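Participant: Build me a model from this:
(one chain, ligands or ions: 1)
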Amino acid sequence: MSLRNAAVRVGERTLWSGVDLDVGAGEFVAVLGPNGVGKSTLVKVLLGVLPAAAGEVRVLGARPGGAGERVGYLPQRRSFDTSLRMRGTDIVRLGWDGDRWGVPLPGRFGARGRAAARRIAEVIELVGAASYAHRPIGACSGGEQQRLLIAQALVRRPELLLLDEPLDSLDLPNQAAVAALVGRICREEGVTVIMVAHDVNPILSRLDRVVYLAEGGAVAGTPAEVITSETLTRLYSTPIEVLRTSDGRLVVVGQPEAPAVHTDRHAGRERGGLGATG
Ligand SMILES: Nc1ncnc2c1ncn2[C@@H]1O[C@H](COP(=O)(O)OP(=O)(O)OP(=O)(O)O)[C@@H](O)[C@H]1O
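Facilitator: Predicted coordinates for the structure are as follows:
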């Protein structure tokens, strides 16, 4: 995918502008930046849900939204009601034969139905969800639900996977497990991955590059190039310090929050100037 001098506007506000980015086939790229800076909005631009206010955007050689099922998408985390009667396999099937939010299309039987069943079983196996995919989705843990949703996004064999904060709300072991899964999908299945992340640390060792969005612009490069005191200080025009802990984790100190209205999703989530990247 590529952005050339791209800008995005929501309402009267320009979130970012003058952004040039390229992501090559098979890369694993994280999109980082403070809350409200426009990371999810970037994903919406790539999906073609929101038009860029300026510049040119290409996704898999097409205009945003033009590559159809070649793009898989995992939206920001949804919670499932414990009484929901859909099983994990039904959730995955919605990625194959239905609108994610709507009613499945006909075609469950015959050769087409068998091909669907084969692919659904295959992708459930791929994400390691076979032992619980038959359970009601509301009875699965957060990490299990997230694997099933990744399976849903993968079921049509996309070439590009857009993941919006897939590690959010997961405990540390599940963050590590889902990060490993996404890394494997990228390396072994050859799927290009663009992941919006609140914290880069769980995926740091697997990433090819990061894109750091800040008010007004973006910087892309390897994590070692981008997540440095010098680069972030320049990007934010305010002193930022990047510290590395003894186990290799990065901590960004002095990171400003974007002057943004935050969504309910972030109510109760720890925010502030200190913390891990993202
Ligand atoms: N449809 C909309 N109309 C008006 N404002 C919007 C709309 N969609 C998003 N915004 C605002 O645009 C800003 C960027 O939102 P976005 O969700 O892209 O941020 P983000 O970087 O993904 O943040 P977070 O890390 O909190 O998820 C926010 O201030 C949000 O409230």
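Participant: In a strand, G55, correct?
Facilitator: Yes - per DSSP: H, G, I helix; E, B strand; the rest coil, G55 lies within a strand segment.
Participant: That one: neighbour count?
Facilitator: By other Cβ atoms under 10 Å, 16 other residues sit near G55. Quick note: C-beta positions are derived from backbone N, CA and C, even for glycine.
Participant: Roughly how far does it sit from L32?
Facilitator: As judged by Cβ to Cβ, to the nearest Å, G55 and L32 stand 21 Å apart.
Participant: for H198, same thing?
Facilitator: 8 Å.
Participant: the more surrounded of the two?
Facilitator: Between H198 and L32, L32 has the larger neighbour count (other Cβ under 10 Å), namely 27 against 20.
Participant: The more buried one pairs with what?
Facilitator: L32 has these beta-bridge partners by DSSP bridges: Y212.
Participant: so how far is L74 from M195?
Facilitator: With distances taken as Cβ to Cβ, M195 is found 9 Å from L74.
Participant: what sits in contact with each of those two?
Facilitator: Jointly contacting M195 and L74 under the rule Cβ atoms under 8 Å, 6 or more residues apart in numbering are 163, 166.
Participant: Comparing these two, which residue is more hemmed in?
Facilitator: M195 (27 against 24).
Participant: which residues sit in contact with that one?
Facilitator: 28-31, 163, 166, 182, 203.
Participant: can you list these in TSV and add secondary structure and pLDDT?
Facilitator: Formatted as TSV, the contacts of M195 follow (DSSP: H, G, I helix; E, B strand; the rest coil; pLDDT from 0 to 100):
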residue	secondary structure	pLDDT
F28	strand	96
V29	strand	96
A30	strand	95
V31	strand	94
L163	strand	95
P166	coil	91
V182	helix	92
I203	helix	92
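Participant: who's in contact with the closest residue to L204 other than its chain neighbours?
Facilitator: Distance criterion Cβ to Cβ, 6 or more residues apart in numbering; nearest residue to L204, sequence neighbours excluded, is P223 at 5.9 Å. P223 sits next to 200, 204, 207, 209-210, 250 when contact means Cβ under 8 Å, 6+ apart.
Participant: residue boundaries of the helices in the stretch 151-278 of the chain?
Facilitator: Remark: helices assigned in the stretch 151-278 of the chain by DSSP state H, counting those that start in this stretch are 172-189, 223-226, 229-236.
Participant: among the ones you listed, which is nearest the ligand?
Facilitator: helix 229-236 (14.3 Å; Cβ to the nearest ligand atom).
Participant: how much does that closest one deviate in direction from strand 28-32?
Facilitator: In terms of direction (axes from the mean of the first three to the mean of the last three Cα atoms, to 10 degrees), helix 229-236 departs from strand 28-32 by 60 degrees.
Participant: begin at 823 from here
Facilitator: From this message on, residue numbering opens at 823, which makes the last subject helix 1051-1058.
Participant: could you give the mean pLDDT of helix 1051-1058?
Facilitator: Mean per-residue pLDDT for helix 1051-1058: 85.
Participant: Against which helices or strands is that helix packed?
Facilitator: On a contact count with 3 or more Cβ pairs under 8 Å, 6 or more residues apart in numbering; DSSP states H and E, helix 1051-1058 meets strand 1031-1036, strand 1039-1043, strand 1063-1066.
Participant: export the ones you listed to a markdown table and tack on mean pLDDT, distance to the ligand and mean neighbour count?
Facilitator: Formatted as a markdown table, those follow (pLDDT from 0 to 100; distance: least, Cβ to the nearest ligand atom, whole Å; neighbours: other Cβ atoms under 10 Å):
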| stretch | mean pLDDT | distance to the ligand | mean neighbour count |
| --- | --- | --- | --- |
| strand 1031-1036 | 90 | 7 | 23 |
| strand 1039-1043 | 87 | 12 | 18 |
| strand 1063-1066 | 89 | 19 | 13 |
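Participant: As TSV, the ones you listed with distance to R940 would be great.
Facilitator: As requested, these are exported to TSV (distance: least, Cβ to Cβ, whole Å):
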stretch	distance to R940
strand 1031-1036	35
strand 1039-1043	38
strand 1063-1066	46
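Participant: between those strands, which gets nearest to V881?
Facilitator: strand 1031-1036 (14.7 Å; Cβ to Cβ).
Participant: E966: what's its closest spatial neighbour, skipping adjacent residues?
Facilitator: Y954 (5.3 Å).
Participant: Give me the three-state assignment for the one you found.
Facilitator: The three-state assignment at Y954 reads coil, by three-state DSSP.
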